[in-house]
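Undergrad: Provided below are the primary sequence and the corresponding predicted coordinates.
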Amino acid sequence: MSNPILPPPLPPTPTAPPLEKQTTVGNYFVSNYPPFSFWKPEFAPQLAAALDRVPGVDGAPVPPLGVYLHIPFCRKRCHFCYFKVYTDKDSAAIRNYLDATLQEFAAYATRPAIAGRKPNFIYFGGGTPSYLSVDQLRFLTDGMKALLPWDEAEEVAFEAEPGTLTDHKLKAIRDLGVTRLSLGVENFNDHILEINGRAHHSKEITRAYGYARELNFPQINIDLIAGMVEETEDNWRDCVRQTIAMAPDSVTIYEMEVPYNTTIYRQMKAEGKLVAPVADWETKRHWVDYAFTEMERAGYTISSAYTAIKNPDKTKFIYRDRLWAGADLLSLGVASFGHIGGTHYQNHHEFDPYLAKIKAGELPVYRALTPTAEERYIREFILQMKLGHVSRAYFTQKFGADPATHFATPLRTLHDWGFLTVDGDIIRLNREGLLQVDRLLPEFFLPEHKNVRYA
């Protein structure tokens with residue numbers, strides 16, 4: 001039965017904000033809360049206090065621990081990329097960086113908040129983790145395992161650019177214990193790949209995927225981006241067709257956005273343009289909807305606003321699910337974001353300052369923020385809303401307040417716009433709401449966090 005807090009769903013009302021048409025500069029994707037712009041250097045000492053607290057001594061459950069390591073090296077910088085990456089580092093600089101990340105890891109591993117805990121999940125992100133040589137990967141992972149053993153990890157995820165994957169390297173990655181190989185395909189058309197600054201070509205996708213399948217990775221994920229420069233309806237449909245034909249275990253689809261620190265934005269600024277040369281939001285949502293529909297017809301299940309999975313019983317996104325449920329994340333490397341003992345933090349976002357801090361025997365933390373209890377509730381609720389449904393009982397038990405009551409006003413708003421229903425224990429977004437969830441989530445933000453720069 002529907003919960004009496006909300007009446008039966010109605011068609012969208014005229015009060016719903018109009019859909020954005022053109023893609024303009026700025027962050028659209030909501031990945032954390034409060035917004036990163038509220039994280040401050042003067043709050044960095046809060047992380048030291050969090051590291052000195054032993055989890056669980058107050059009777060609270062000990063959250064899972066994850067490890068994220070940022071590999072900031074790439075063959076080329078994609079024109080839409082907003083991550084901290086470098087294309088000019090030689091092998092000596094890379095070795096210095098790997099040494100620094102292990103020193104950073106060692107400094108954390110003995111702190112009360114971390115010592116003795118085994119990671120539940122590990123994630124290698126970038127940049128391009130697969131840019132590293134086999135010897136570099138072994139040196140790095142052997143050092144990490146010596147500090148915090150991986151033998152109880154449910155997931156070891158590894159991002160890879162197809163053009164960097166030789167048969168030899170793929171076998172080494174599998175031998176390292178990687179359980180989820182995520183291929184940054186983005187598109188299958190060589191022209192689209194080239195004009196958007198991607199380093200790989202379509203033939204490298206086919207080769208890397210085929211050999212990865214032979215090596216029996218437990219999960220192979222393919223990343224796609226809807227709305228790249230010069231992408232067309234026909235091209236997108238062909239990308240969906242080729243993806244389904246490859247039958248990966250999971251597919252991740254993101255809608256193209258243009259943050260401030262991208263090559264596309266710099267070109268826009270130089271030319272005095274306000275609108276990005278990519279598909280508009282309505283088109284991108286239409287394309288993702290098409291992809292999801294076709295994948296459902298092929299037997300996939302839509303598990304979030306961005307993911308389709310072939311077999312829900314065995315295909316998981318542990319990294320995502322644990323983070324969205326409040327896990328600790330020990331984050332290593334330049335510009336990386338972490339969360340330990342209730343405190344968010346980000347490392348120095350430039351290469352040399354990061355290395356200098358490590359060399360000085362200091363943690364390379366640049367800024368931090370310790371959310372309030374209310375902010376923690378909002379963070380977890382909005383992130384789990386990206387799954388398309390949340391459990392009232394889960395949040396009531398964890399935070400002491402029924403979200404149907406706690407968030408009554410924004411839930412009513414999304415309901416009246418035609419995107420949301422409350423059915424017993426489940427608060428659910430329909431497909432139309434899921435496709436635009438990131439523009440709906442700010443309805444749950446505290447007033448001081450609305451209409452501000454996100455990052």
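TA: Looks like it came in fine.
Undergrad: residue 225 falls within a strand, correct?
TA: Yes: membership of residue 225 in a strand is supported by DSSP: H, G, I helix; E, B strand; the rest coil.
Undergrad: what sits against it?
TA: 80, 186-187, 253-256 (CB atoms under 8 Å, 6 or more residues apart in numbering). (Glycine included, C-beta is placed from N, CA and C.)
Undergrad: partner residues bridging it?
TA: Counting by DSSP bridges, residue 225 is bridged to residue 254.
Undergrad: equivalent analysis for residue 158, please.
TA: Under DSSP bridges, the beta-bridge partners of residue 158 are residue 124, residue 181.
Undergrad: how about it, what does it touch?
TA: Per CB under 8 Å, 6+ apart, neighbours of residue 158: 123-124, 129-130, 173, 176, 178, 180-182.
Undergrad: returning to that earlier point: pull the most distant pair out of the contacts of residue 225.
TA: Within the contacts of residue 225, two members stand farthest from each other by CB to CB: 80 and 253, at 14.4 Å.
Undergrad: return the member of the contacts of residue 225 nearest to residue 439.
TA: When the contacts of residue 225 are ranked by distance to residue 439 (CB to CB), residue 255 comes first, at 10.5 Å.
Undergrad: burial count for that closest one?
TA: For residue 255, the number of neighbouring residues by other CB atoms under 10 Å comes to 23.
Undergrad: and it, what does it touch?
TA: 28, 225-227, 281, 284-285, 288.
Undergrad: for the protein, which spans come out with low pLDDT?
TA: 1-20 (pLDDT under 70).
Undergrad: domain assignment for it?
TA: As assigned by automatic domain parsing, the chain contains the domains 1-34+372-455, 39-323.
Undergrad: among those, which is nearest residue 355?
TA: Among these, the nearest to residue 355 by CB to CB is domain 39-323 (5.3 Å).
Undergrad: distance from that closest one to the middle of the chain?
TA: Averaging C-alpha positions (CA atoms, centre = their mean, to the nearest Å) puts domain 39-323 7 Å from its chain's average.
Undergrad: show the contacting residues for residue 210.
TA: Per CB under 8 Å, 6+ apart, neighbours of residue 210: none.
Undergrad: how much space between it and residue 247?
TA: 12 Å (CB to CB, to the nearest Å).
Undergrad: helices or strands up against the one helix or strand residue 102 maps to?
TA: Assigned by DSSP states H and E, residue 102 belongs to helix 91-109. In terms of contacts (3 or more CB pairs under 8 Å, 6 or more residues apart in numbering; DSSP states H and E), helix 91-109 is packed against helix 134-147, strand 328-332, helix 351-359.
Undergrad: does anything pack onto the helix or strand just after the shortest one? Which helices or strands?
TA: When you say that, I think you mean strand 328-332. Heading C-terminal from strand 328-332, the first helix or strand you meet, by DSSP H and E, is strand 337-340. Here strand 337-340 touches helix 45-51, strand 328-332, strand 343-347, going by 3+ CB pairs under 8 Å, 6+ apart.
Undergrad: a markdown table for the ones you listed, including mean neighbour count and distance to residue 418?
TA: Output for the helices and strands packed on strand 337-340, formatted as a markdown table (neighbours: other CB atoms under 10 Å; distance: least, CB to CB, whole Å):
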| stretch | mean neighbour count | distance to residue 418 |
| --- | --- | --- |
| helix 45-51 | 18 | 41 |
| strand 328-332 | 24 | 35 |
| strand 343-347 | 25 | 34 |
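Undergrad: how about these in JSON lines, adding distance to residue 143?
TA: As requested, those are arranged in JSON lines below (distance: least, CB to CB, whole Å):
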{"stretch": "helix 45-51", "distance to residue 143": "20"}
{"stretch": "strand 328-332", "distance to residue 143": "11"}
{"stretch": "strand 343-347", "distance to residue 143": "18"}
